[in-house]
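Enquirer: After the sequence you'll find the predicted model.
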Protein chains: 2
Amino acid sequence: MSHHKGEHLLPLTARKMGIDTHQELTIYLRSDSHVCYSEGFSALSRVQVEAGNRVIIATLHIVNNDALLDQQIGFSDSAWNRMALEEGDHVCVYHPKPLESLSHVRAKVFGHRLTTDQINGIVQDIAAGLYADVHLAAFITACGHNRLNRREIVDLTRAMIGAGSQLQWPQNIVVDKHCVGGLPGNRTSPILVPILAAAGLTMPKTSSRAITSPAGTADTMETLTEVRLSLQQIRDIVSQHGGCLAWGGSVRLSPTDDLLIRVERALELDSEGQLIASVLSKKIAAGATHVLIDIPVGTTAKVRDSKSAERLSNLLKSVAQDLGLQVRIMVSDGSQPVGRGIGPALEGLDILAVLKNQADAPKDLKNRSAEIAGALLEMAGKADNGEGFKKALAIIESGKAWQKFVDICNAQGGLKQPPVAPYRYNMVAHQHGTVSGINNRLLSQLAKLAGAPADPAAGIVCYAKLGDQVKKGETLLTIHAESPGELDYAVAYLDEHSQLITLS
Amino acid sequence: MSHHKGEHLLPLTARKMGIDTHQELTIYLRSDSHVCYSEGFSALSRVQVEAGNRVIIATLHIVNNDALLDQQIGFSDSAWNRMALEEGDHVCVYHPKPLESLSHVRAKVFGHRLTTDQINGIVQDIAAGLYADVHLAAFITACGHNRLNRREIVDLTRAMIGAGSQLQWPQNIVVDKHCVGGLPGNRTSPILVPILAAAGLTMPKTSSRAITSPAGTADTMETLTEVRLSLQQIRDIVSQHGGCLAWGGSVRLSPTDDLLIRVERALELDSEGQLIASVLSKKIAAGATHVLIDIPVGTTAKVRDSKSAERLSNLLKSVAQDLGLQVRIMVSDGSQPVGRGIGPALEGLDILAVLKNQADAPKDLKNRSAEIAGALLEMAGKADNGEGFKKALAIIESGKAWQKFVDICNAQGGLKQPPVAPYRYNMVAHQHGTVSGINNRLLSQLAKLAGAPADPAAGIVCYAKLGDQVKKGETLLTIHAESPGELDYAVAYLDEHSQLITLS
């Protein structure tokens, strides 16, 4: 009971600090407070916090001014929400017991194989919010490179599934799709779901919001309909319409994945084992049985050469096999953006154009969507091999995909028209020439500077495609912004980065 | 120049938040501020901050209330101090360029050997404050277990020395001492320095403050004299008197060590390579040529068995050899505290009693100090082998050590009498018996609960020694506290932890 020695202290009074520290649960105490003094807490100490039957372990920041009183304890937004506190609640603090699962992380540092139970212990403690970011970083690093074998990756995937909610479906076949690594505008899911649902398949699609990109599928879909659905709403809508397009954040499918991804990004460390557990745990938790994984390859995409793509494909397939999941890999062109719009509403408009079968719909987005949908139709036995693409195109062109999309959006709360940004700027070609290079990373950055995804109407419409012949004065792209300041800011960036689109 | 795209923004106005985040440099921006919006910064983003020619990379926390205005940027204490800001200074923020040295950390994750240049790059970036704690955690983990070879440990040690200040001495022999792992009351350095200086040796001793223990040598010495010395003061005092007893924190000897140690503690990961680089870099930076390393072994000490002690000894010796440092290892008894006092002033009183040759001086502290001093006298050629202990004892008993201690303290700003705590509580034996166990960890915790080291007079006086025969009613230890509340709190802890001292 040595961790409970604080029980003789008066309880502290809870205060919301209004500081967002994201996943790193943080509490604040005065440096001269009685509890810091007697418990020996100092900046960055890990502290166990209890209120009623709710317990967290948080990182301590010390306040040296009058933002807090002696008997007060401040909470970051994440810590406040996780403890479900109200202003003035009574809270006790303790030294936390050492976490047993951290000894397994240390065992991995020493090169040991982890047992299924040890991996479960680690994932459960991560899900319970007991790991500080430094602990997550140590876990990610210790599992880096090839230090997880196939069995450990399978165990990790299963543990991540078990740590969150799971969806189950009566159908024998439930399809899903994942794209590894961002390609601007590559927003195929809102087109795939209605195609596949119209073909009689089940596709309960949950998507993420952007973390470092100008739009996630959930951001784009939010310009078209409601995406914050409960698990029960997802079950009802998918049962009735065959598909949905929901934000994954509200349903806690594989929630540890979200925690790990943040730290992986900070470290720029992509361990294959954790990437695979991340992708497959989300899909299996959503109830998928057949999954198409798109790996765009290009010099400014996440996977930069076909050799890396192949190694990743092979490991993905073998782990999926052990988990009883059917997976097909599609290695695709990642050399330029897909569609024209980059940003939530602008991508939404591309999606509407494809689904409504408009003559000006971006062909690359339409074809890529039909390829992926075709592959899934073939995997699910809804089309003969080699016939899927044609069948998917036919579902679009018949208007059935559009009708299904309208039904799903109406079930989710109604179909909306995406918002339009009032401020625009055209980048024109300064010479005649052929488009010889488009930098995905700079384009994404430009769209973010224009305000995406926080401003849903902001972003880029990119007209240029590799190989296009352009004339002097022709518009290569248009920046859309919701405020003149952001437009100016994006234009200034563009002026400095003329290599964003290369003509030769 | 992609990291400089913020240069079109108006500068932000600096504000000190009064929040201590220790080494994790932290800045604060409003969620609805223009800069978060247009740069796409979110909670935990890494942000490059520039003011004049001063640059840091800091971790962003987002403020959701009126603690900041739109154009203001808040700073944690560490970020504020490192940028040497004043209230209202103008500050610009950017997306930081990727750190090249992080690619070397990733290379280590992939099992590669690091070159000397790569190790230098990592250490220089750590010293410049460019690593977030998650990056430090990844580096520590990637180097964990046996993943640094002897050459890499040597390079790491040299890089850590080069990243801070260094002291140089005209003497051919400069002695120093290090103790691996805490044993309460084991405060030998303030006794060694005057013995060795009185013997004509040079010992520029810098020590740390407590991080998790009830007292560090610097905390104890601060109850006796001034310990915040500049490099120049250290040079002058050591030149004149042969030794000093300074706080290391004010002179930046191997400053990266302090950053790494904090995160190692949080991870409870002690890589041998980093432990060795930590110890040896501090000593070499202080100019030492001959170092005695004390490794106490005991079930409640840091090193728990002689096998671990031997492995550590061998690696320490081989790395020291490559660095041209003479090292002798002393594996010592770590089964119980040394001396009687635990806490800054109480340990100071023990030191005074030994140096003044008082009849009631704790014999174990006196003997242990004489053993270590004796070993260093032998290493430095000031005593024949086997004669050092006797010679060291003679220097104490002649009063020469005391006179040297007075001279050094006077040179550092004057000798003080340690403060005395007004509130006391005696723990008495409830039965006759023999003292069969003393728990170092619980004793340290008890001293901290009584107020040590923040209250310098607080702590424990432990009269019991292993093997002592005690009578019912005899005092085993006395708690000293500066306030009645802290005394009550420590007494309550004692009541719950009667196994702190075992009688049989």
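Expert: Cool, the structure landed. Numbers count the residues shown, from 1 in each chain, chains lettered A, B, ... in the order given.
Enquirer: The helix or strand containing A:Tyr493 packs against which elements?
Expert: Using DSSP states H and E, A:Tyr493 sits in helix A:484-496. In terms of contacts (3 or more CB pairs under 8 Å, 6 or more residues apart in numbering or on different chains; DSSP states H and E), helix A:484-496 is packed against strand A:423-428, helix A:440-449, strand A:475-481, helix B:34-39. (Each C-beta comes from the backbone N, C-alpha and C, glycine too.)
Enquirer: Partner strands of the third one and their direction?
Expert: According to DSSP bridges, strand A:475-481 forms sheet pairs with strand A:423-428 (antiparallel), strand A:459-462 (antiparallel).
Enquirer: Let me have those strands in JSON lines, extended by distance to A:Val105 and mean pLDDT.
Expert: Output for the strands paired with strand A:475-481, formatted as JSON lines (distance: least, CB to CB, whole Å; pLDDT from 0 to 100):
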{"stretch": "strand A:423-428", "distance to A:Val105": "49", "mean pLDDT": "96"}
{"stretch": "strand A:459-462", "distance to A:Val105": "41", "mean pLDDT": "97"}
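Enquirer: For B:Ala199, find the nearest of those strands.
Expert: strand A:459-462 (76.0 Å; CB to CB).
Enquirer: I'd like the next helix or strand past that closest one.
Expert: Next along from strand A:459-462, by DSSP H and E: strand A:469-470.
Enquirer: so what strands line up beside that following strand?
Expert: Strand A:469-470 has its sheet partners listed here by DSSP bridges as strand A:433-438 (antiparallel).
Enquirer: Check which residues of the partner strand are buried.
Expert: Neighbour-count burial for strand A:433-438 flags A:Val435, A:Ile438 (criterion: 16 or more other CB atoms under 10 Å in any protein chain shown).
Enquirer: contacts for that strand?
Expert: A:335-337, A:462, A:464-470, A:476, A:499-504 (CB atoms under 8 Å, 6 or more residues apart in numbering or on different chains).
Enquirer: So what's the gap between it and the chain middle?
Expert: 31 Å (CA atoms, centre = their mean, to the nearest Å).
Enquirer: Also stretch A:272-281?
Expert: 13 Å.
Enquirer: could you pull out the helices for the stretch 1-150 of chain A?
Expert: Using DSSP state H, counting those that start in this stretch, the helices assigned to the stretch 1-150 of chain A run over residues A:34-39, A:77-83, A:100-109, A:116-127, A:133-142, A:150-162.
Enquirer: looking at these, which is buried most?
Expert: Ranked by mean neighbour count under mean count of other CB atoms under 10 Å in any protein chain shown, the helices of the stretch 1-150 of chain A are led by helix A:133-142, which reaches a mean of 27.
Enquirer: tell me the angle that helix makes with helix A:116-127.
Expert: Angle, helix A:133-142 to helix A:116-127, by axes from the mean of the first three to the mean of the last three CA atoms, to 10 degrees: 140 degrees.
Enquirer: which strands and helices sit next to helix A:133-142?
Expert: Using 3+ CB pairs under 8 Å, 6+ apart, helix A:133-142 sits against helix A:100-109, helix A:116-127, helix A:255-267, helix B:133-142, helix B:255-267.
Enquirer: That one vs helix A:255-267, what angle?
Expert: Going by the same axes, to 10 degrees, helix A:133-142 makes 80 degrees with helix A:255-267.
Enquirer: one step back: quick one, which of the helices and strands packed on helix A:484-496 is packed in tightest?
Expert: Ranked by mean neighbour count, the helices and strands packed on helix A:484-496 are led by helix A:440-449 with a mean of 25 (mean count of other CB under 10 Å).
Enquirer: Show me the longest strand that occurs in chain A.
Expert: Secondary structure assigned by DSSP state E gives strand A:54-63 as the longest strand of chain A.
Enquirer: Quick one: mean pLDDT for it?
Expert: Here strand A:54-63 scores 92 as its mean pLDDT.
Enquirer: partners of the closest residue to A:Leu130 other than its chain neighbours in the sheet?
Expert: With CB to CB, 6 or more residues apart in numbering or on different chains as the criterion, A:Leu130 has its nearest non-adjacent residue at 4.9 Å, and that residue is A:Ile57. Beta-bridge pairing of A:Ile57 under DSSP bridges involves A:Gln48.
Enquirer: Can you give the contact residues for the helix or strand containing A:Ile396?
Expert: In this structure, A:Ile396 is located in helix A:388-397 according to DSSP H and E. Applying CB under 8 Å, 6+ apart, the contact partners of helix A:388-397 are A:191, A:195, A:198-199, A:354-355, A:357, A:366, A:369-371, A:373-378, A:382-383, A:401-402.
Enquirer: and it, C-alpha only, in CSV?
Expert: Extracted C-alpha coordinates of helix A:388-397, given in CSV (Å, rounded to 0.1, in the frame of the first residue of the first chain):
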residue,chain,number,x,y,z
GLY,A,388,-14.9,-5.9,-61.1
PHE,A,389,-13.7,-2.5,-62.6
LYS,A,390,-16.3,-2.5,-65.3
LYS,A,391,-19.1,-3.5,-62.9
ALA,A,392,-18.1,-0.8,-60.5
LEU,A,393,-18.1,1.8,-63.3
ALA,A,394,-21.5,0.6,-64.4
ILE,A,395,-22.9,1.1,-60.9
ILE,A,396,-21.7,4.7,-61.0
GLU,A,397,-22.9,5.4,-64.5
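Enquirer: Buried residues of that helix, list them for me.
Expert: In helix A:388-397, residues buried by neighbour count (16+ other CB under 10 Å) are A:Gly388, A:Phe389, A:Lys391, A:Ala392, A:Leu393, A:Ile395, A:Ile396.
Enquirer: what number of residues lie near A:Thr185?
Expert: That one is not Thr; residue A:185 is Gly. 31 (other CB atoms under 10 Å in any protein chain shown).
Enquirer: And it, how far from A:Asp350?
Expert: Distance, A:Gly185 to A:Asp350, using CB to CB, to the nearest Å: 7 Å.
Enquirer: And A:Met160, by the same measure?
Expert: In terms of CB to CB, A:Met160 sits 33 Å off from A:Asp350.
Enquirer: what about the helices and strands packed on helix A:133-142, which gets the closest to B:Thr299?
Expert: Using CB to CB, the helices and strands packed on helix A:133-142 put helix A:100-109 closest to B:Thr299, at 18.0 Å.
Enquirer: isn't A:Gly162 right up against A:Asn120?
Expert: Yes. At 7.3 Å, A:Gly162 and A:Asn120 qualify as touching, with contact defined as CB atoms under 8 Å.
Enquirer: For the residue nearest to A:Leu130, which residues are in contact?
Expert: A:Leu25, A:Arg46, A:Val47, A:Gln48, A:Val49, A:Pro96, A:Leu99, A:Gly129, A:Leu130, A:Ala132.
Enquirer: out of those residues, who has the most neighbours?
Expert: A:Leu25 (27 neighbours).
Enquirer: Surely it and A:Gly129 touch.
Expert: Yes. A:Leu25 is within contact range of A:Gly129, at 5.7 Å (criterion: CB under 8 Å).
Enquirer: Mutual contacts of the two, please.
Expert: Common contacts of A:Leu25 and A:Gly129, defined by CB under 8 Å, 6+ apart, comprise A:Ile56, A:Ile57, A:Arg82.
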